[in-house]
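> Just need the structure, nothing else, for what follows:
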Amino acid sequence: MEETEDRRRYQVVVNDEEQYSIWPDGSDVPVGWRPVGVGGDRAHCLAHIDDAWTDMRPRSLREWLAARD
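This next block holds a predicted model:
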């Protein structure tokens, strides 16, 4: 199978746990997720996520651990 270039546009989305993903631009964002205002090709969106999502733990876990200290 020949690999083709992904020419689709995406948007970066985040949920209440501050977990990031990409979603096809122009498609309805799933319930529980919201756009962060960054869009473009797949590589651009994933690069933004690499910069923004520095702690992979869900927000609720980070808050729970911080409250224990």
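> W23: what secondary structure?
strand (DSSP: H, G, I helix; E, B strand; the rest coil).
> what's the burial count for it?
17 (other Cβ atoms under 10 Å). For the C-beta atoms, the positions are set from N, CA and C on the backbone; glycine is no exception.
> max-length strand in this protein?
strand 33-40 (DSSP state E).
> elements contacting the helix or strand following it?
With elements assigned by DSSP states H and E, the helix or strand that comes after strand 33-40 is helix 42-52. Applying 3 or more Cβ pairs under 8 Å, 6 or more residues apart in numbering; DSSP states H and E, one finds that helix 42-52 contacts strand 10-15, strand 20-24, strand 33-40.
> And V14, how close does it get to T4?
29 Å (Cβ to Cβ, to the nearest Å).
> Of those two, give the one with the bigger neighbour count.
A side-by-side neighbour count of V14 and T4, using other Cβ under 10 Å, places V14 first with 17 against 6.
> was I right about the more buried one contacting G37?
No - between V14 and G37 there is no contact under Cβ atoms under 8 Å: 10.3 Å.
> quick one: the worst-scoring helix or strand of the chain on mean pLDDT to chain centroid distance?
The least trusted helix or strand in the chain, going by mean pLDDT, DSSP states H and E, turns out to be helix 59-68, with a mean of 94. Between the centre of helix 59-68 and the centre of its chain there are 21 Å (Cα atoms, centre = their mean, to the nearest Å).
> and if you look at stretch 13-32?
With Cα atoms, centre = their mean, you get 6 Å for stretch 13-32.
> repeat for stretch 57-69
20 Å.
> Please identify the deepest-packed of the helices and strands packed on helix 42-52.
Ranked by average neighbour count under the criterion mean count of other Cβ atoms under 10 Å, the helices and strands packed on helix 42-52 are headed by strand 10-15 at a mean of 19.
> elements contacting it?
strand 20-24, strand 33-40, helix 42-52.
> How about the contacts made by D41?
Contacts for D41 were tallied using Cβ atoms under 8 Å, 6 or more residues apart in numbering; they are D6, R7, R8, R9, Y10.
> Since that was my last question, I'll sign off now.
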